[in-house]
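Colleague: Need a 3D model of the sequence below.
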Amino acid sequence: MLDRTDIPALMQDMGARATKAARVLALAPSEQKTAALLAMAEAVTRATPAIVEANRADLARAEDAGMAASFRDRLRLDAGRIKAIAGSLREIAALPDPVGSLASEWTRPNGLVIRRVRTPIGTIGVIYESRPNVTADAGALCLKAGNAVILRGGSDSAASSAAIHRALQAGLEEAGLPADAIQLVPTTDRAAVGEMLKGLDGAIDVIVPRGGRSLVERVQTEARVPVFAHLEGLCHLYVDRAADLDMARGIAVNAKMRRTGICGAAETLLVDEAVAETHLVPILDALREAGCEVRGTEAVRRLDPKALPATDEDFRTEYLDAIISVALVDGVDGAIAHIARYSSHHTEAIVTEDAAAVERFFRSVDSAILLHNASTQFADGGEFGFGGEIGIATGKMHARGPVGVEQLTTFNYRVSGAGQLRP
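Modeller: I've put the predicted structure just below:
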């Protein structure tokens, strides 16, 4: 048995086993992967008491460590959230299998038929913090796309993630697939992350970090393999001069307060100067009534003295808490300029009835997800119909926005001829 204190040897062994499992998954029929996912859902449901007990231990450690309430909310699992995890597994099972699907096809003048076909990437390394549900989401999405996965959860959610992982492996084995298709790093030693970032001698094909800025910055700095990542969700909501006030008020409260600790929560509210007299205070009052602290620029505070002062740093901060920064801007162009200066390129929304303003906003703002007359909290793979997500990618290569099943595949070209020779 491997010595778990020998981190390089432990991780090399996991990489070798993942590579072997990935070869099996690449050839696994859709029906077998679907059966495994459904068996996982049943196993998670059966394990609810054990998962809750493990999560209770994680929560106790988090509270003893003085972690913020928003952090503990991301960590918390109860029967309802576990039921949602099982439901997500069933949704992923019902998705079309992308492996082998035809992305495009064309015929050349010489008669060659060229097809671009989706194929698995291979082995995915997922490094994440605090959210134990990522264990199930990442494992299931990688499996559906025909990939093996090595999961490394945070120390704060170690017990919860391990309990979920046991259920996932039970489902794999029930369906006759290798348990090594979904592996969980069994140590919280940070050296394991370093080994993953080296690529495990070619075993890991891509890394997906999901967590705070320090984690993602480390991954992007040290990784020797491609990375799908976002640094943070610094999301903006812009209320245009042509916005319906009731709609804007409802969207602002939902975008900020539905769940403050998720990456799609709005962190900055921008209001067109042209409607500041009519729209600003009602929206800010609604936010405060919902329990939100409001920090505004001098122009905002002149209209709403109850707002606390906002600094430049506030507009660069992903609060993940019941706090919002507020500024007035000169129309849609002012909003675009503010977003270009401060955005993390994750998600931005505009509230307006002016189609021209929407078009300008959508064409000019360079973020992965843009919304019109809808809450930023829809920035979620499940809400996009992906059945879940492994994260929100804000880069521009390969995957952008919610990383779901399709984004976890690559492709090859399959060329068919009838004896053609190149002159």
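
Colleague: Low-confidence stretches in the stretch 201-350 of the chain?
Modeller: 231 (pLDDT under 70).

Colleague: any idea where the strands of it begin and end?
Modeller: 206-210, 235-239, 266-272, 293-296, 308-309, 323-329, 347-351 (DSSP state E, counting those that start in this stretch).

Colleague: From the rest of the structure, what touches the second one?
Modeller: The contact list for strand 235-239 (C-beta atoms under 8 Å, 6 or more residues apart in numbering) reads 248, 251-252, 255-256, 263-272, 275, 279, 283, 329, 332, 335, 338-339, 342-344, 346-352, 361, 376, 379. From N, CA and C alone the C-beta is placed, and that goes for glycine too.

Colleague: out of those, which are buried?
Modeller: Neighbour-count burial within those applies to 248, 251-252, 255-256, 263-272, 275, 279, 283, 329, 332, 335, 338-339, 342-344, 346-352, 361, 376, 379; the criterion is 16 or more other C-beta atoms under 10 Å.

Colleague: Can you add distance to residue 198 and give the strands of the stretch 201-350 of the chain back as TSV?
Modeller: Putting the strands of the stretch 201-350 of the chain into TSV (distance: least, C-beta to C-beta, whole Å) gives the following:
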stretch	distance to residue 198
strand 206-210	10
strand 235-239	33
strand 266-272	34
strand 293-296	42
strand 308-309	45
strand 323-329	38
strand 347-351	32
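
Colleague: can you give me the strands for the stretch 1-150 of the chain?
Modeller: For the stretch 1-150 of the chain, applying DSSP E, counting those that start in this stretch gives strands covering 102-107, 113-120, 123-128, 148-152.

Colleague: so which of those strands gets nearest residue 199?
Modeller: Residue 199 lies closest to strand 123-128 among those, at 8.3 Å (C-beta to C-beta).

Colleague: Strand partners (parallel or antiparallel) of the closest one?
Modeller: Within its sheet, strand 123-128 is paired with strand 148-152 (parallel), strand 206-210 (parallel), according to DSSP bridges.

Colleague: and the ones you listed, which is most packed in?
Modeller: Highest mean neighbour count among the strands paired with strand 123-128 (mean count of other C-beta atoms under 10 Å): strand 148-152, with a mean of 27.

Colleague: Dump that strand to CSV, keeping only the CA atoms.
Modeller: Output of strand 148-152 as CSV, limited to C-alpha atoms (Å, rounded to 0.1, in the frame of the first residue of the first chain):
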residue,chain,number,x,y,z
ALA,A,148,-11.3,10.5,-15.9
VAL,A,149,-11.0,13.1,-13.1
ILE,A,150,-8.7,13.7,-10.2
LEU,A,151,-10.4,15.8,-7.5
ARG,A,152,-8.6,17.8,-4.9
